[in-house]
Structures are given as C-alpha cells and as structure tokens.
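Okay, structure incoming, though there's no sequence with it:
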C-alpha cells in the first residue's frame, strides 16, 4: 500500500518553508475525555464513527475576563483508509483572545492481517488563527499603548503519526511546525518559535477484572517546547466500568513541568469523570494547580459533550476491538 502523493508533498512543503505563524490550541487534558483528536491529528477518522465533541473550559467562576476556552471538533472516516477532521476554537484570557479553525487529513494503514490489529496512521492539520489584544479600555497614558483592538491572522500546521498494536497505542505529533510566530505584545512584532513536540503512549487492559466489567488504561504524554526548553509529563490512569447500556469511567492525570531553571516546578492534578450512554458522552474535568509555585488558588472546570453517529458496522471486528467507546484512541 502507498501513502497518497499529496500527503508526502504536503509534508515536504511544511518542513521546508518558513512563514508567519502562531501557536494554536493550548494543550490541557481534553484528550482523556474521548477527545484525543484535539491533540493528535493522526487520530482523525481512526474509528468507524462520526464523532462530534464540544468542550467549555473556565477558571475563576464569576470573575470578569477570566480565562476560558471553547472548542467544537468533528472527525470521521473517509473512504476505506482516510479520515477527515475539523476544529473550531475560541480562547480568551483577559485582554488577549484568539479564534481559529483547523482542518485535518489522516491516512490509516493496516499492517498485516486485519485480525492482527496493527495500524500505522499519519495526520496533517492546517489551521488559521486570529490573535487580538484589546487595549481600548486601558487608562494608562503610555505611547506604547494604542488604545485600540490590535489583531493579526496567522497560519500554522501540525504533523502527526500513530501506531496501534492490539491494546497498545503510541502517538508522535509536532505542533506549530511553521517556525516563526509574531508577538502582538512587541511593537516590532518580534518573531517567536512556538514549535512543540508531543509523544503519547499507553496500554488498554480489558480483562483487568473477572468478567471484563472493569478495565484499566494507563498512559503517559510527554511535551517539549523548543523555544523555552520546557518539558511537561502527564501521568494518567483511566478506569472503566461497563454495564448493559452504559460505560462509566474516571481518570486521574498528574502533570509535572521541568524547565531546568527552578527546582520548584509547576504541577497540576486533574480528576475527570464521565459516562458513555449509547451514542452520547458527557464528562466533567477539574484541574487544580499544586506544588510550591502557585499562580493562583483557583481551579479550572470543564464540561465535554460528545455524540457519535453514522457508525459503519461493515467492519465489525474493528468496532469490537477499537470501538470501546471512550478508550484513549
């Protein structure tokens, strides 16, 4: 089997040019809420269902201009081997905000006999982002402050690959591959490198308890930010309990930062609880900063809603093996 030439040409194009670009979606723990496509483009169209996911994230409830993020994502299988996806997002933090749209193409290769359940996947995302800084309400007399809404639109792209072998999964993604970004907070629009590398891997234990009613999914995600040399590691554990019509699940994620500057590193604890009922999914996420360095004493709250439709039953084996409604991939 051959990967389509358009995918190879696009990948070469992305890695050989430099354009004005900007980092897109912030990376939280959304991927644990049956939403891995938000992080890894190669997950688009992996399962045999059309998937819609909506998220709403907020901090400091009741406080004006508090940080918030909303996303709408959709991904589906396209033909026998391909997947398509779209993401719309709105991210706001005080006077700064960004809105963006992302389109994804993924290609999935079955390796060996289908019953071996091995698959190699590739993903490519293009996105457009509009960043703005609202200085219209500033009351400081400073020539640097224009007291207008400054905005710039940027383009960026992510490339990704994944490997699945029975219940093992692994992802590698490079986000913001277009190296330069423009800093709205600098009057000369200083260029920034916002490239970020992600690697995720884990294993799904579907026979953890007698009768298969309890399932476990440990996983790890590693992040590296090229410009700042920051490193983050997420240690995750999910547990599932399945009944006749629904699957109840819970997850706990611990994120630790390593910046090579201060021994007192940032850390976050994120418990998540959710339920899948037939074609629907709902989850609640709470994130709390811990450790000796605290930016604030508040927590983040997030609601995720999901809907699966148009599932293809013609590949029943894949549905039974990879369609365990909300496993990581």
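In hand now; what should we look at? Since we're looking at a predicted model, the values are computed, not measured. Numbering: from 1, shown residues only.

Show me what the helix or strand containing residue 269 pairs with in its sheet, parallel or antiparallel.
Using DSSP states H and E, residue 269 maps to strand 267-277. Partners of strand 267-277 in the sheet, by DSSP bridges, are strand 246-258 (antiparallel), strand 280-290 (antiparallel).

quick one: which of the ones you listed is nearest residue 69?
strand 280-290 (11.6 Å; CB to CB). Every C-beta, even on glycine, is put in place using the N, C-alpha and C of the backbone.

Run through who's touching the closest one.
Applying CB atoms under 8 Å, 6 or more residues apart in numbering, the external contacts of strand 280-290 come out as 28-30, 32-34, 53, 57, 266-275, 295-296, 299-308, 325-326.

Now with 7 Å, please.
By CB atoms under 7 Å, 6 or more residues apart in numbering, the residues outside strand 280-290 that reach it are 29, 33-34, 267-275, 295, 299-307, 326.

Just the buried ones from the residues you listed?
In the contacts of strand 280-290, burial by neighbour count holds for 29, 33-34, 267-268, 270, 272, 274-275, 300, 302, 304, 306, 326, counting by 16 or more other CB atoms under 10 Å.

Confidence-wise, which of those comes last?
Of all these, residue 326 carries the smallest pLDDT score, 45.

residue contacts, residue 35?
Residues in contact with residue 35, defined by CB under 7 Å, 6+ apart, are 53, 73, 304.

Sorry, slip of the keys, the one I care about is residue 239.
Applying CB under 7 Å, 6+ apart, we find residue 239 in contact with 214, 216, 249-250.

hang on, the earlier thing: now the strands paired with strand 267-277 as CSV including mean pLDDT, distance to residue 161 and mean neighbour count?
Putting these into CSV (pLDDT from 0 to 100; distance: least, CB to CB, whole Å; neighbours: other CB atoms under 10 Å) gives the following:
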stretch, mean pLDDT, distance to residue 161, mean neighbour count
strand 246-258, 92, 23, 17
strand 280-290, 91, 26, 17
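
Quick check: which of the ones you listed is nearest to residue 44?
Evaluated over those, closeness to residue 44 peaks at strand 280-290, with 17.5 Å, by CB to CB.

Need the phi and psi values for the residue nearest to residue 72 when sequence neighbours are not counted.
Leaving out its chain neighbours, the residue that sits closest to residue 72 by CB to CB, 6 or more residues apart in numbering is residue 88, at 4.7 Å. Dihedral pair for residue 88: phi -120, psi 140, per degrees, to the nearest 10.

how far away is residue 88 from residue 268?
26 Å (CB to CB, to the nearest Å).

before we move on, what about residue 117?
Distance, residue 117 to residue 268, by CB to CB: 34 Å.

sec struct for residue 227, please.
Put simply, residue 227 is coil when judged by DSSP: H, G, I helix; E, B strand; the rest coil.

you'd agree it is up against residue 197?
No: counting by CB atoms under 7 Å, residue 227 does not reach residue 197; the two are 11.8 Å apart.

if we can go back for a sec, turn the strands paired with strand 267-277 into a markdown table, columns for distance to residue 131.
As requested, those are arranged in a markdown table below (distance: least, CB to CB, whole Å):
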| stretch | distance to residue 131 |
| --- | --- |
| strand 246-258 | 24 |
| strand 280-290 | 24 |
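
So in terms of bridging, what pairs with residue 131?
Going by DSSP bridges, residue 131 is paired in beta bridges with residue 98, residue 152.

Quick check: it vs residue 24, distance?
Distance from residue 131 to residue 24, by CB to CB: 10 Å.

Among the two, which residue is more densely surrounded?
Higher neighbour count among residue 131 and residue 24: residue 24, with 24 against 21, using other CB atoms under 10 Å.

ok, now which ones touch the more buried one?
100, 102, 127, 129, 156.

Make TSV out of these and add pLDDT, neighbour count and secondary structure.
Output for the contacts of residue 24, formatted as TSV (pLDDT from 0 to 100; neighbours: other CB atoms under 10 Å; DSSP: H, G, I helix; E, B strand; the rest coil):
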residue	pLDDT	neighbour count	secondary structure
100	91	22	strand
102	95	23	strand
127	90	22	strand
129	87	22	strand
156	88	26	strand
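
want to try TSV for the residues you listed, with distance to residue 92 as columns?
Shown next, in TSV, are the contacts of residue 24 (distance: CB to CB, whole Å):
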residue	distance to residue 92
100	12
102	18
127	18
129	13
156	19
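
Of those, which is the nearest to residue 42?
residue 102 (13.8 Å).

Identify the residue spatially nearest to the closest one, adjacent ones excluded.
residue 127 (3.7 Å).

How much space separates the residue nearest to residue 72 from residue 103?
Distance from residue 88 to residue 103, by CB to CB: 10 Å.

what's the answer for residue 94, then?
As for residue 94, its distance to residue 103 is 29 Å (criterion: CB to CB).

Then residue 257?
Taken as CB to CB, the span from residue 257 to residue 103 is 31 Å.

again with residue 76
13 Å.

Between those two, tell me which one has more neighbours.
Legend: neighbour count by other CB under 10 Å for residue 76 and residue 103, higher for residue 76 (21 against 15).

got a list of what the more buried one touches?
45, 50-51, 83-84.

so what strands line up beside the helix or strand containing residue 76?
Using DSSP H and E, residue 76 maps to strand 68-78. According to DSSP bridges, strand 68-78 forms sheet pairs with strand 50-59 (antiparallel), strand 82-93 (antiparallel).
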